[in-house]
Each structure stands twice: as structure tokens, then as C-alpha cells.
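> the following comprises the amino acid sequence and a computationally predicted model.
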Amino acid sequence: MTNHVFQHGNVGGIRIHVLPTKTFKTFAISLYAGVPLAEDTVTPTALIPFVLRRGTASYPETTQFRERLEELYGAGFGFDVYKRGDYQIIQFRMDTINDSFVQSKESLLAESFAFLGEVLTRPLLEGGSFRPSYVNTERETVRKKLESIVNDKIRYAAERCIEEMCREEPYRLHPLGQRADLESITPDSLHHSYRAWLDGAILDLYVVGDTSPEEVQKLVERHFGLDSRSASPYQSHFSPKKVTEVRTVEERMDVGQGKLNMGLRTSITYGDDAYAHALMYNGILGGYPHSKLFVNVREKESLAYYASSRYDGHKGIATIQSGIEIQNYNKALDIIRKQLDEMKQGNISDLELNQTKAMIRNLLSEIQDSAFEMIAFDFNRVLSGKERSTEELMSQVEASGAEDVKRAAGTVELDTIYFLTGQKEES
């Protein structure tokens, strides 16, 4: 693996991260805007990028907006809204072909910056606020997205488990907000939210491609014009929560298959030296098809249609997802708890260690093949304040033994058991 290194700078309150490389035929541009997750801002903040992508001052109609991307040789533009730790993050992405591959009169990188800068800072306004038809349509878009979670019971159970476990923390909030809050958002109130968001968000701009930090700095100065900002770092408010008792939450819905989800807490986060051991822990427990949950709960006992685990290193929690026959609840719960005990006792085979290392190695080496993956990996550093290259992380994973994983397991506590079950049968 070649170690590509981002060069970092700061211009007008935006942190910039540039990776000059001729590896790719395109420029990958990513802008992250992060604000603390909060009940009163989460929904309007989620709605903002949906409205911004509808039109800008120069391209007020959505068709003009899209035609402009076509003129840039079919540049890609998109966004995501998600949460990392207790932050709500909007990520805008552009993917533009490098000028040297096309006959272009203007610099495509410069034109892309002009476009992205305008999307962010010069949205279409009518009478000082957003166009009402755009706000109404996009409010409906977000509502449908939130509704689709309820219809997808696997996702719904996963979200509900987090909501119950983190009920006293901002992390309980879904990054797309709350359906009940959508109705009251007006074009005017959304424009106020947008101004507050733009002034307060932590901004990180990434570029990967055949360019230099100097060129990017000039383009940001020219096209973003956000002078009065202070670039503040992300704050890690992490303090491990002590689990005093395991909470069980049962919810009834019209489902044919039960969803048994569990929330676990660990003191290990991305910034920790033991992070590699926590990755190994999750991989052996339920991250991959050779994992204990998959093999023991699904294959040996045929108790689950699916069984897996996830680990969120920015929040210090892990979750277990499984789909079971409703009458198998107690049996499935026992076997899952047994896997957690096996991990705590360090009953981990060399095969489990080696297969997990191979899976993580593949994932880490694939990062080098994608500009956006490299950007996402570096952004973990920004969020956590921890410098760690993919090579370093891989060598820490390679050096992990059963004892290290056992130590990581010792920090993991079961916090919440969430069971989505069928309606009660009429007696």
C-alpha cells in the first residue's frame, strides 16, 4: 500500500485537506458540515441540503441545476446526512473529470468549486426566504424517507434499539430528524435555520486529485466567501457510561418475524490505542460470515435468519441485530449471551483471529482504491483528533492476539435488549 498523505490548511474558517495525486482521472471533492445533534435543530438541518440541491441564484430551476452538472462533463453531485458520535453531519460530494482528459475551455476544478460554493452560500431565495414549492416538496421527501424506516423492520428495530439505549443522549436522534417536526417548518423558518447552520457548522473541505493546496486555497477564497468564521475542532464529549442494569424493551407490531436487537457499551473509541482490538472484537463476534453470532446462532442452531454485530467507534457502542422466530426468543437470547461470554473468557480460535484479520485487511486495502474512501478515513482523524494511517491500523490489527481481544471484551457491557415482536394473540 502506498501511503498517501493529506496536506492540511485553513482558509476563512474552513479547514482544507488536499491529497495531490495523479492516480485518479477525476477530482473528488467532499465538504463536511458538522453541528451538534440537538432536538430542536436536527430536523431543519436535515432538510437544508434537500432544498439546497433544488436551485441556486444562478440556476434557480432544478433542470438548470442539473444541466449545469452535465455541462461540467457529467460531474456528479450528491449529499448524505448522518451522525458520528453526537454530531449531525452533512456531506456534499462532487466528482469531476480532470481537465487533461477532456477539451475544456475552463478549469473544471475551478468550475466545480464555483458550483459547490454557490450551492452552499447562494441558494435560490424569493423575498428573502426559500422558494415555498421547493420546501414543501423536499419536506415530503424527508417525511417519506423517515416513513420508509418504519416499513423496513430490520432498520426500524436497529434505530429503536439505539433510541432506547441512548434515550438520555443526543445520539438517540435520527440524523434525518423527526417526522412530527417537519410540518411546522416554513420557507422562512428554514432560511433562518440555514443561516444559523452555515454560521455555526464545522466545515472541512477535501480534494483528492491532480491539484495543490495552494490552488485549492485560492478557489475556496474565490468561491466560498465565508470570512467571519472561526474553525473550531470537533469536541469529543465521550465519557464511558456505566451500565447499572440491563434494560429490556418489548415492542409489538404486525410482524411475522421477531427482531432481537441488543445495545452494548464499551469504553474503547476511535481515538483509543485499543481501537484495533475493538475492531477485532466486533469482527469475531458478529462482523463477518465466519463470526460467532453467524455460525452459532444462525447456522448451528438455525435460530436466526440473520445475526450480526456493528461497532461505532465514534460513540463507543456496539449493537447486535438478529431476526428470529418469535417463539425462539429465550433460546436465541441465551445463545447470543453465551457468545458474549465466550468473548469475555477469551475463547477465540486462531482461525477466528486469522479470518477476521484477513477481512479487515481487505477493507483497509480497498480504501486506497477510492478517493472518497480515503477522504472518509482521514475524516475519522478530524472527528477524533487521532492521527492514524491505514498502515498503522493494519499493523495494530495484525498484532492483535486472543488476549488483546479478551481485554477489549472486558470493556463491553450489555446495556439494552430490544425485542420487536408480533401482536398478542387473542385468547
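Yep, it's here.

> low-confidence stretches in this structure?
The model of the chain has pLDDT under 70 over residues 1-3, 104-105, 227-228, 231, 425-427.

> the longest helix along it - contacts with which helices or strands?
In the chain, assigned by DSSP state H, the helix with the most residues is helix 132-151. With contacts defined as 3 or more Cβ pairs under 8 Å, 6 or more residues apart in numbering; DSSP states H and E, helix 132-151 has these neighbours: helix 42-52, helix 153-165, helix 179-182, helix 187-200. Using the backbone N, CA and C atoms, a C-beta is placed for each residue, glycine as well.

> list the buried residues in the last one.
Burial within helix 187-200, assessed by neighbour count using 16 or more other Cβ atoms under 10 Å, is assigned to 187, 190-191, 193-194, 197-198.

> A helix includes residue 88, no?
No. If the criterion is DSSP: H, G, I helix; E, B strand; the rest coil, then residue 88 is strand and not within a helix.

> just checking, it touches residue 33?
No. Using Cβ atoms under 8 Å as the test, residue 88 is too far from residue 33 to be in contact (9.3 Å).

> now the buried residues of helix 187-200 in JSON lines, with distance to residue 248?
Formatted as JSON lines, the buried residues of helix 187-200 follow (distance: Cβ to Cβ, whole Å):
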{"residue": "187", "distance to residue 248": "44"}
{"residue": "190", "distance to residue 248": "40"}
{"residue": "191", "distance to residue 248": "44"}
{"residue": "193", "distance to residue 248": "38"}
{"residue": "194", "distance to residue 248": "42"}
{"residue": "197", "distance to residue 248": "38"}
{"residue": "198", "distance to residue 248": "43"}
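
> helices of the stretch 1-150 of the chain, start to end?
42-52, 62-71, 108-121, 132-151 (DSSP state H, counting those that start in this stretch).

> so which of the ones you listed is the most surrounded?
helix 42-52 (a mean of 23; mean count of other Cβ atoms under 10 Å).

> could you dump that one to PDB, C-alpha only?
Presented in PDB, the C-alpha positions along helix 42-52 are these (Å, rounded to 0.1, in the frame of the first residue of the first chain):
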ATOM      1  CA  VAL A  42     -31.900  18.100  13.900                       C
ATOM      2  CA  THR A  43     -35.000  18.200  11.600                       C
ATOM      3  CA  PRO A  44     -34.500  21.600   9.900                       C
ATOM      4  CA  THR A  45     -30.700  20.800   9.500                       C
ATOM      5  CA  ALA A  46     -31.600  17.500   7.800                       C
ATOM      6  CA  LEU A  47     -33.900  19.300   5.400                       C
ATOM      7  CA  ILE A  48     -31.400  22.000   4.400                       C
ATOM      8  CA  PRO A  49     -29.400  20.000   1.800                       C
ATOM      9  CA  PHE A  50     -32.500  18.700   0.100                       C
ATOM     10  CA  VAL A  51     -33.700  22.300  -0.500                       C
ATOM     11  CA  LEU A  52     -30.100  23.500  -1.500                       C
END
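
> re the thing from before, could you give the angle of the longest helix of the chain to helix 153-165?
Following axes from the mean of the first three to the mean of the last three Cα atoms, to 10 degrees, one obtains 90 degrees for the angle between helix 132-151 and helix 153-165.

> show residues contacting helix 132-151.
43, 46-47, 50-51, 54-55, 124, 126, 155-156, 159, 174, 176-179, 182, 185-187, 190 (Cβ atoms under 8 Å, 6 or more residues apart in numbering).

> ok so, going back, could you dump the helices of the stretch 1-150 of the chain to a markdown table with distance to residue 308?
As requested, these are exported to a markdown table (distance: least, Cβ to Cβ, whole Å):
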| stretch | distance to residue 308 |
| --- | --- |
| helix 42-52 | 27 |
| helix 62-71 | 37 |
| helix 108-121 | 36 |
| helix 132-151 | 18 |
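
> the ones you listed: which one's closest to residue 221?
With Cβ to Cβ as the criterion, residue 221 lies closest to helix 108-121 of these, at 10.1 Å.

> and that closest one, what other elements does it pack with?
strand 26-36, strand 76-84, strand 87-97, helix 213-223.

> I'd like those as JSON lines, with distance to residue 308 and mean neighbour count appended.
Below are these laid out as JSON lines (distance: least, Cβ to Cβ, whole Å; neighbours: other Cβ atoms under 10 Å):
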{"stretch": "strand 26-36", "distance to residue 308": "28", "mean neighbour count": "22"}
{"stretch": "strand 76-84", "distance to residue 308": "19", "mean neighbour count": "17"}
{"stretch": "strand 87-97", "distance to residue 308": "24", "mean neighbour count": "22"}
{"stretch": "helix 213-223", "distance to residue 308": "40", "mean neighbour count": "18"}
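
> in a markdown table: those, plus distance to residue 237.
As requested, the helices and strands packed on helix 108-121 are exported to a markdown table (distance: least, Cβ to Cβ, whole Å):
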| stretch | distance to residue 237 |
| --- | --- |
| strand 26-36 | 9 |
| strand 76-84 | 13 |
| strand 87-97 | 10 |
| helix 213-223 | 29 |
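
> ok, back up a step: farthest-separated two in the buried residues of helix 187-200?
187 and 198 (16.3 Å).

> what's across from the nearest residue to residue 212 once chain neighbours are set aside in the sheet?
Spatial nearest neighbour of residue 212, chain neighbours left out: residue 20 (5.6 Å); criterion: Cβ to Cβ, 6 or more residues apart in numbering. Applying DSSP bridges to residue 20 yields these beta-bridge partners: residue 209.
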